[in-house]
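> With the sequence up front, the predicted model follows.
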Amino acid sequence: MQDPGRCPWCGTDPLYVAYHDTEWGVPERDGRALWEKLVLDGFQAGLAWITILRKRDAFRAAFQGFHPETIASWGEAEITHLLADPGIVRHRGKIEATIGNARAYLKISDTTDFAEFVWRYVDGQPLQTDRATMAEVPAATPLSTRLSKDLQKAGFRFCGPTITYAWMQATGVVNDHLVTCPRHAELR
């Protein structure tokens, strides 16, 4: 049964509820973990997040723990292998983007930690929102648009403003739990 205060987007699926209650919106300060979540949000484009959540362990296995140093060296042989893996979303463009995003991550990492790169957009502190209903939650914001453009300039793909905003929410860069949700106050 749905908790009347919990953000309604997670419904009653136990996996989704656990994700909402323990992970979504928790500030992520590890650069590699931020990158993994950005990649997964890119794979989610056009799909429901629960689909990616159900396949997350298979993604982690297929992408060898999402280590950018490993993935950046991949080529056609690895792409072909991934396209045959039924455990993941088999989309050539998204797989190729992941390899390119690993290279972009490493390029950023040459000058700064990826977590520092991301968190500087909010001066190191999660943005706090006070939204009462899902209708008030935007799909994108001027900040997600700016971060998206900067990621794209750095060589990232599958990181438009909507994907970037969902990623900012998931990684706690912005606290978008509804004010009725117990997690809102916990993460404030």
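Now that the structure is in, tell me what you want to look at.
> make it CA atoms for all contacts and neighbour counts henceforth
Will do.
> Number of residues surrounding residue 59?
Neighbour count for residue 59, taken as other CA atoms under 10 Å: 22.
> what residues are up against the residue nearest to it when sequence neighbours are not counted?
What sits nearest to residue 59 in space, not counting adjacent residues and going by CA to CA, 6 or more residues apart in numbering, is residue 88, at 5.7 Å. Residue 88 sits next to 55-56, 58-59, 62, 82 when contact means CA atoms under 8 Å, 6 or more residues apart in numbering.
> for residue 132, same thing?
178-180.
> With respect to residue 149, which of those residues is nearest?
residue 178 (27.3 Å; CA to CA).
> name the element that closest one belongs to?
According to DSSP states H and E, residue 178 maps onto no helix or strand at all.
> Let me know the helix or strand that the residue nearest to residue 59 is in.
Counting by DSSP H and E, residue 88 is part of no helix or strand.
> can you offset everything so residue one is 40?
With 40 as the first residue, the last one maps to residue 127.
> Show me what the longest helix seen in the chain is in contact with.
Longest helix in the chain, counting residues (DSSP state H): helix 131-148. Applying CA under 8 Å, 6+ apart, the contact partners of helix 131-148 are 74, 78, 81-82, 107-108, 110-113, 118, 121-122, 153, 156, 193-197.
> Try it again at 6 Å.
Contacts of helix 131-148 with the rest of the structure, by CA atoms under 6 Å, 6 or more residues apart in numbering, involve 107, 110-111, 193-196.
> which residues does residue 220 contact?
Applying CA under 6 Å, 6+ apart, the residues near residue 220 are 44-46.
> Which of those residues are buried, as a PyMOL select command?
Those of the contacts of residue 220 that count as buried under 16 or more other CA atoms under 10 Å are selected in PyMOL with:
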select buried, resi 45+46
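> okay if I get the contacts of residue 220 as TSV plus distance to residue 64, secondary structure and pLDDT?
Formatted as TSV, these follow (distance: CA to CA, whole Å; DSSP: H, G, I helix; E, B strand; the rest coil; pLDDT from 0 to 100):
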residue	distance to residue 64	secondary structure	pLDDT
44	16	coil	91
45	13	coil	96
46	11	coil	97
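> Could you find the closest non-adjacent residue to residue 97?
Per CA to CA, 6+ apart, closest to residue 97 is residue 126, 5.4 Å.
> What number of residues are in the vicinity of that neighbour?
Neighbour tally, residue 126, other CA under 10 Å: 16.
> if I look at it, how far off is residue 204?
Using CA to CA, to the nearest Å, residue 126 is found at 26 Å from residue 204.
> I'd like to know how many residues surround residue 50.
Using other CA under 10 Å: residue 50 sits among 15 other residues.
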